[in-house]
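A.B. asks: mind folding the following:
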Amino acid sequence: MQTTHQIALETKHATLDKRIVEETHRPHPDALRVAQLKKQKLKLKEEIAQI
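C.D. replies: Reported below is the predicted structural model:
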């Protein structure tokens, strides 16, 4: 059973994934921004895995 916290984390994870895709499809993607988003996404993934 998923908790509200876990659902919130998974929603944030999906949002970050969408933002990464959007940034990488821009004509001149910001590599630093993509790296920051990926780092945030990884932290969320690790937090979800610990639940």
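A.B. asks: quick check: closest non-adjacent residue to residue 24.
C.D. replies: residue 34 (6.1 Å; CB to CB, 6 or more residues apart in numbering). Quick note: C-beta positions are derived from backbone N, CA and C, even for glycine.
A.B. asks: show me what contacts the one you found?
C.D. replies: Contacts here follow CB atoms under 8 Å, 6 or more residues apart in numbering; on that basis residue 34 touches 20, 23, 24.
A.B. asks: apply 10 Å and report the result again.
C.D. replies: By CB atoms under 10 Å, 6 or more residues apart in numbering, the contact set of residue 34 is 19, 20, 21, 23, 24, 26.
A.B. asks: which element is it on?
C.D. replies: Here residue 34 sits within helix 31-50, counting by DSSP states H and E.
A.B. asks: pretty sure residue 19 is touching residue 29, no?
C.D. replies: No. If you go by CB atoms under 10 Å, residue 19 and residue 29 don't touch, sitting 11.4 Å apart.
A.B. asks: joint contacts of the two?
C.D. replies: By CB under 10 Å, 6+ apart, no residue touches both residue 19 and residue 29.
A.B. asks: returning to that earlier point: quick one: the contacts of residue 34 as CSV, columns for neighbour count and distance to residue 1 too.
C.D. replies: Shown next, in CSV, are the contacts of residue 34 (neighbours: other CB atoms under 10 Å; distance: CB to CB, whole Å):
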residue, neighbour count, distance to residue 1
19, 15, 29
20, 19, 29
21, 11, 30
23, 16, 34
24, 13, 35
26, 10, 39
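A.B. asks: returning to that earlier point: can you show me the CA trace of the helix holding residue 34 as CSV?
C.D. replies: The C-alpha atoms that make up helix 31-50 are tabulated as CSV, following Å, rounded to 0.1, in the frame of the first residue of the first chain:
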residue,chain,number,x,y,z
ALA,A,31,23.6,21.1,-19.5
LEU,A,32,24.0,22.4,-15.9
ARG,A,33,20.2,22.6,-15.4
VAL,A,34,19.8,19.0,-16.8
ALA,A,35,22.5,17.7,-14.4
GLN,A,36,20.8,19.5,-11.5
LEU,A,37,17.4,18.0,-12.4
LYS,A,38,18.9,14.5,-12.7
LYS,A,39,20.5,14.8,-9.3
GLN,A,40,17.2,15.9,-7.7
LYS,A,41,15.5,13.0,-9.5
LEU,A,42,18.1,10.5,-8.2
LYS,A,43,17.7,11.7,-4.6
LEU,A,44,13.9,11.2,-4.9
LYS,A,45,14.4,7.8,-6.3
GLU,A,46,16.7,6.8,-3.4
GLU,A,47,14.2,8.2,-0.9
ILE,A,48,11.3,6.3,-2.6
ALA,A,49,13.4,3.1,-2.4
GLN,A,50,13.9,3.5,1.3
